[in-house]
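Visitor: Pasting a predicted model and its sequence here:
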2 protein chains.
Amino acid sequence: MMTEERARQLEDALRNAGVRVTRQRAALLRVIASSDDHPDAAELHARAEAAGAGVSLATVYRTLTTLQAQGVIDKLEFRGEPARWEAADQSHHDHIIDVETGEVIEFTNQRIERLQAEIAQELGYEIVHHRLELYVRRVKEK
Amino acid sequence: MMTEERARQLEDALRNAGVRVTRQRAALLRVIASSDDHPDAAELHARAEAAGAGVSLATVYRTLTTLQAQGVIDKLEFRGEPARWEAADQSHHDHIIDVETGEVIEFTNQRIERLQAEIAQELGYEIVHHRLELYVRRVKEK
DNA sequence: ATACATGCAAAATGTTTGCATGGCA
DNA sequence: TGCCATGCAAACATTTTGCATGTAT
């Protein structure tokens, strides 16, 4: 799924922004570009290692911070768990978390987005960022 | 603001539920009943100490867990920060966080609540709990 | 060449826990 | 009295950082 192509695009973007593309960063970009789930730092480290990358966990953390600053990835912080990360090239969405399986589903709803903006505006604020998470359970058929 | 009365109500409720009301728990109940903000464990500990309670931080944590299990307080987990707590006797609401001042404002919007339920339902889920946080900045007048 | 990135180990942070002791019901 | 709660210190889990060394540009 074009992982390599996407990774190269991102490398160029980083270099243009004056960020060095090291062996470790290149490896992590590929792990991220080929992941369509929401891994945490330890999981990303494991995947990089599995790919033979040779990256320390400290560097994984530093790289995630850097990539977030560059807008390449987004940080997700669910209840109590370690932070998870996802590629940022997708369009904005919120998350539904199945409390029984831990599965994460993405969704957006324009009406909700609009209502949020209205609420903030009425109070004299503008929204910098928001977080909407629905913790759900599968409905039992009977 | 009826702190003492409220604290006694809560003590009775705890005893009825078979939870012992110790000196430490009684002190923390009073701190919680008299707080209308969203303090974290360390802050609650500090307030209890300031009131001359003599409670260890470990006990604060254990008590918060207990009170949450009893439905007396709710746990709030904002981005990265330590968990904060609030009295649960209030009606449901979401939070607006001013990213510049850290100030937290409560709000609810029935239309948003309804839309959330609809979204979950369409996917075959029922909502167990949700979290909606708007991270905002005050709009500058010009 | 040089500024920046890395690895390692240690530190920081927030929270939990084992165990001996204390105290509510 | 008996079971549960407490305090203390140690353990934990996640993340950050100081410092010597390595490396992309």
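Guide: Received it, and whenever you're ready, just let me know what you need. It should be emphasised that the depicted structure is a prediction, and the values quoted were computed from it without experimental measurement.

Visitor: Helix or strand next in line after the helix or strand where residue A:95 lies, which one?
Guide: Assigned by DSSP states H and E, residue A:95 belongs to strand A:94-98. Helices and strands here follow DSSP H and E; after strand A:94-98, the next one along the chain is strand A:104-107.

Visitor: domain parsing for chain A?
Guide: According to automatic domain parsing, chain A is divided into the following domains: A:3-87, A:94-136.

Visitor: Which among these is found nearest to DNA strand D?
Guide: Proximity to DNA strand D (CB to the nearest atom of the strand) singles out domain A:3-87 among those, at 3.3 Å. Where C-beta positions appear, they are placed from N, C-alpha and C, glycine not excepted.

Visitor: chain center to the closest one, what's the gap?
Guide: Mean-position distance between domain A:3-87 and its chain equals 9 Å (CA atoms, centre = their mean, to the nearest Å).

Visitor: the inter-axis angle of the helix or strand containing residue A:113 versus strand B:94-98?
Guide: Per DSSP H and E: residue A:113 is located in helix A:110-122. Put simply, helix A:110-122 runs at 50 degrees to strand B:94-98, going by axes from the mean of the first three to the mean of the last three CA atoms, to 10 degrees.

Visitor: which regions of chain A sit below the pLDDT cut-off?
Guide: Within chain A, the stretches with pLDDT under 70 are A:1, A:89-90, A:141-142.

Visitor: Point to the residue nearest the middle of it.
Guide: residue A:86 (2.0 Å; CA atoms, centre = their mean).

Visitor: And DNA strand D, is the helix or strand containing that residue touching that?
Guide: Using DSSP H and E, residue A:86 sits in strand A:84-87. No - judged by CB under 7 Å from any atom of the strand, strand A:84-87 makes no contact with DNA strand D; its nearest approach is 8.2 Å.

Visitor: report the angle between the axes of the longest strand seen in chain A and strand B:94-98?
Guide: Assignment by DSSP state E gives strand A:125-138 as the longest strand of chain A. Put simply, strand A:125-138 runs at 140 degrees to strand B:94-98, going by the same axes, to 10 degrees.

Visitor: that older thread, show me what the strand holding residue A:86 is packed against.
Guide: On a contact count with 3 or more CB pairs under 8 Å, 6 or more residues apart in numbering or on different chains; DSSP states H and E, strand A:84-87 meets helix A:23-33, strand A:73-76.

Visitor: re the thing from before, can you list contacts of the longest strand of chain A?
Guide: Strand A:125-138 is contacted from outside by A:78-79, A:94-100, A:112, A:116-117, A:120, B:79, B:96, B:98-99, B:116, B:119-120, B:123-139, using CB atoms under 8 Å, 6 or more residues apart in numbering or on different chains.

Visitor: So among those, which ones count as buried?
Guide: Taking 16 or more other CB atoms under 10 Å in any protein chain shown as the criterion, what is buried in the contacts of strand A:125-138 is A:78, A:94-99, A:112, A:116, A:120, B:96, B:98-99, B:116, B:119-120, B:125, B:127, B:130-136.

Visitor: can you narrow the residues you listed to ones near DNA strand D?
Guide: Of the residues in the buried ones among the contacts of strand A:125-138, proximity to DNA strand D by CB under 7 Å from any atom of the strand holds for none.

Visitor: got the contact list for the strand holding residue A:86?
Guide: Contacts to strand A:84-87, defined as CB under 8 Å, 6+ apart, come from residues A:32-33, A:35-41, A:44, A:64, A:68, A:72-78.

Visitor: same thing with stretch A:107-123?
Guide: By CB under 8 Å, 6+ apart, the list of residues contacting stretch A:107-123 reads A:91-96, A:126-127, A:130, A:132, B:96, B:105, B:107, B:109, B:111-112, B:115-116, B:119, B:123, B:132, B:134, B:136, B:139.

Visitor: got the CA coordinates for it in CSV?
Guide: This file holds the C-alpha atoms of stretch A:107-123, laid out as CSV (Å, rounded to 0.1, in the frame of the first residue of the first chain):
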residue,chain,number,x,y,z
PHE,A,107,-15.6,8.5,12.9
THR,A,108,-16.6,12.0,12.2
ASN,A,109,-19.9,13.8,12.3
GLN,A,110,-20.1,17.3,10.9
ARG,A,111,-23.1,18.3,13.0
ILE,A,112,-21.1,17.5,16.2
GLU,A,113,-18.2,19.5,14.9
ARG,A,114,-20.3,22.5,14.1
LEU,A,115,-22.1,22.4,17.5
GLN,A,116,-18.7,22.3,19.2
ALA,A,117,-17.6,25.4,17.4
GLU,A,118,-20.8,27.2,18.3
ILE,A,119,-20.5,26.4,21.9
ALA,A,120,-17.0,27.7,22.1
GLN,A,121,-17.9,30.8,20.2
GLU,A,122,-20.8,31.6,22.5
LEU,A,123,-18.4,31.6,25.4
